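Chemist: Next one to model:
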Amino acid sequence: MPETREQLERRCERAGIETAYHDIWGKRREVPEASLAALLRELGADGAAQEPAREAVPPVVAIAAGAAPWRVALAAAPGERLR
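Modeler: Prediction:
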């Protein structure tokens, strides 16, 4: 039986993945189910994950066009490689 949007959204919530966003004009946009499923697979949360995924980067990083060189700190568990 295929997974419902509601089930997919619950798994995304546990993994820390937003399922919708507001575009530049303020219109709410739903992320396509195929994209959500692909993100879950990539994060290794495609099974029945019960614990939220740890946060590797801040949820939003805004950099002004033409800004000086910038850096974003990444967090990885001991022995884990970021890719």
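
Chemist: how about the strands in this protein?
Modeler: Applying DSSP state E to the chain gives strands spanning 20-22, 28-30.

Chemist: Give the pairing partners of the first one; include direction for each.
Modeler: Strand 20-22 has the following sheet partners, assigned by DSSP bridges: strand 28-30 (antiparallel).

Chemist: what about the protein, any weak spots by pLDDT?
Modeler: Filtered on pLDDT under 70, the chain yields the residue ranges 46-59.

Chemist: For it, which segments count as helices?
Modeler: Using DSSP state H, the helices found in the chain span residues 5-15, 33-42.

Chemist: right, and the ones you listed - which one's nearest I24?
Modeler: When those are compared by C-beta to C-beta, helix 33-42 sits nearest I24, at 18.9 Å. For the C-beta atoms, the positions are set from N, CA and C on the backbone; glycine is no exception.

Chemist: Which strands or helices does that closest one pack on?
Modeler: Judged by 3 or more C-beta pairs under 8 Å, 6 or more residues apart in numbering; DSSP states H and E, helix 33-42 is in contact with helix 5-15.

Chemist: Can you tell me which helices and strands the helix it packs on packs against?
Modeler: Right, helix 5-15 is packed against helix 33-42 by 3+ C-beta pairs under 8 Å, 6+ apart.

Chemist: Please compute how far the helix it packs on lies from its chain's middle.
Modeler: 9 Å (C-alpha atoms, centre = their mean, to the nearest Å).

Chemist: before we move on, back to that, now the helices of the chain in TSV, please, with extra columns for distance to A64 and mean neighbour count.
Modeler: Below are the helices of the chain laid out as TSV (distance: least, C-beta to C-beta, whole Å; neighbours: other C-beta atoms under 10 Å):
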stretch	distance to A64	mean neighbour count
helix 5-15	30	15
helix 33-42	27	14
